[in-house]
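Student: Next one to model:
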Amino acid sequence: MSESEGTAVKTRIDCHVKVLDDRVVERAIDAGLDAIVYAPHFTRIPEIRREAADYSSESLTVIPAREVFAGSWRNRKHVLAIGLDEPVPDFIPLETAMAEFERQDAAVLVPHPEFATVSVDETDLRRYRDVVDAVEIFNPKHLPSHNRRARDLADALEVAPFTSSYAHLPRTIGVAHTVFDGGIEGEDDLVDALQANAARRVVYQNGRRRWSVTAGELAHLCYENTWKKADRLFLSGTEPTHPDHIAYDGRFDDVSVY
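Tutor: Purely as a prediction, here's the structure:
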């Protein structure tokens with residue numbers, strides 16, 4: 001539910017979270033958010049939609065989205081798509097993912113650009129400048145130099161900005177959000193706002209809590225990319241979002257990187 005600041009309607013959205021439960025919802029409401037964008041790893045969009053609907057209420061809208069892992073584990077290109085009608089798998093070339101997003105007229109966001117080996121870089125951004133709707137210019141996992149680089153990229157390419165908590169841990173909720181001008185009541189409204197380059201501002205904390213969050217999230221990132229990664233690759237079998245999964249009807253078999 002959007003709220004007014006003076007006479008103008010503003011909508012406060014955390015544009016990318018990875019976790020969703022009662023604690024996340026409570027923290028989001030306490031932080032004054034109107035909506036969060038929920039995009040968990042390795043989960044197909046129908047399941048994400050069901051979870052988002054289950055946790056949405058008059059106090060908080062949960063908007064479903066997919067962060068697709070384009071490319072291989074060694075050089076992953078994370079791209080966030082909002083407004084998908086059909087599922088798109090992970091582990092496909094970035095070119096294929098972008099073509100699918102464009103075909104489905106989804107809003108395309110670039111989280112944490114040029115961060116480690118999990119991000120779209122400047123060359124990619126320039127190539128897909130006409131497809132990308134927004135670039136994340138503040139991410140709690142980033143160090144200051146990373147955030148400066150992200151802002152410079154968005155400015156140089158004249159791409160609209162956004163921010164998010166990128167929360168993998170519930171306590172990260174509330175550290176950053178994007179304030180859009182106008183009312184945004186759900187997924188379609190957010191897609192329209194992003195594609196229309198709606199006016200917005202990024203809001204984030206930069207004190208002791210922010211740095212505590214950064215430390216916790218970076219520690220989680222290390223864990224996620226070591227033991228959990230090995231388990232996922234070698235012990236767990238085919239992921240639900242692997243291109244070979246039956247859910248994709250063989251559409252991506254010829255482009256799968258694995």
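Student: Report all helices and strands that the longest strand belonging to the chain contacts.
Tutor: Assignment by DSSP state E gives strand 8-17 as the longest strand of the chain. Secondary-structure packing of strand 8-17 (3 or more Cβ pairs under 8 Å, 6 or more residues apart in numbering; DSSP states H and E): strand 3-5, strand 35-38, strand 176-181. All C-beta atoms are positioned from the backbone trio N, CA, C, and that covers glycine.
Student: Adding mean pLDDT, distance to Pro170 and mean neighbour count, write the ones you listed out as a markdown table.
Tutor: A markdown table is the format used below for those (pLDDT from 0 to 100; distance: least, Cβ to Cβ, whole Å; neighbours: other Cβ atoms under 10 Å):
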| stretch | mean pLDDT | distance to Pro170 | mean neighbour count |
| --- | --- | --- | --- |
| strand 3-5 | 59 | 23 | 10 |
| strand 35-38 | 98 | 12 | 27 |
| strand 176-181 | 98 | 15 | 23 |
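Student: so which of those strands gets nearest Pro64?
Tutor: Pro64 lies closest, by Cβ to Cβ, to one member of the helices and strands packed on strand 8-17: strand 35-38, at 6.0 Å.
Student: Tell me which other helices or strands that closest one touches.
Tutor: The helices and strands touching strand 35-38, judged by 3+ Cβ pairs under 8 Å, 6+ apart, are strand 8-17, helix 45-55, strand 61-64.
Student: out of the ones you listed, deepest packed?
Tutor: Of all these, strand 61-64 carries the top mean neighbour count, a mean of 24, counting by mean count of other Cβ atoms under 10 Å.
Student: for the following helix or strand past that one, packing partners?
Tutor: For strand 61-64, the following helix or strand on the C-terminal side (DSSP states H and E) is strand 66-70. Contact partners of strand 66-70 among helices and strands, from 3+ Cβ pairs under 8 Å, 6+ apart: strand 77-82, helix 94-103.
Student: Now stretch 106-126 - C-alpha only, PDB.
Tutor: Taking C-alpha atoms only, stretch 106-126 is exported to PDB below (Å, rounded to 0.1, in the frame of the first residue of the first chain):
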ATOM      1  CA  ALA A 106       9.700  -8.200 -18.500                       C
ATOM      2  CA  ALA A 107      11.400  -5.400 -16.600                       C
ATOM      3  CA  VAL A 108      15.100  -6.100 -16.500                       C
ATOM      4  CA  LEU A 109      17.300  -5.000 -13.500                       C
ATOM      5  CA  VAL A 110      21.000  -5.500 -13.000                       C
ATOM      6  CA  PRO A 111      21.900  -6.200  -9.400                       C
ATOM      7  CA  HIS A 112      25.400  -5.700  -8.000                       C
ATOM      8  CA  PRO A 113      27.100  -4.900 -11.300                       C
ATOM      9  CA  GLU A 114      30.800  -5.900 -11.700                       C
ATOM     10  CA  PHE A 115      30.800  -7.500  -8.300                       C
ATOM     11  CA  ALA A 116      33.100 -10.500  -7.900                       C
ATOM     12  CA  THR A 117      32.300 -13.300 -10.500                       C
ATOM     13  CA  VAL A 118      28.600 -13.100 -10.200                       C
ATOM     14  CA  SER A 119      27.600 -10.000 -12.100                       C
ATOM     15  CA  VAL A 120      26.900  -8.300 -15.400                       C
ATOM     16  CA  ASP A 121      29.900  -6.100 -16.300                       C
ATOM     17  CA  GLU A 122      30.300  -2.800 -18.200                       C
ATOM     18  CA  THR A 123      30.700  -4.600 -21.600                       C
ATOM     19  CA  ASP A 124      27.400  -6.500 -21.000                       C
ATOM     20  CA  LEU A 125      25.600  -3.300 -19.900                       C
ATOM     21  CA  ARG A 126      26.700  -1.500 -23.000                       C
END
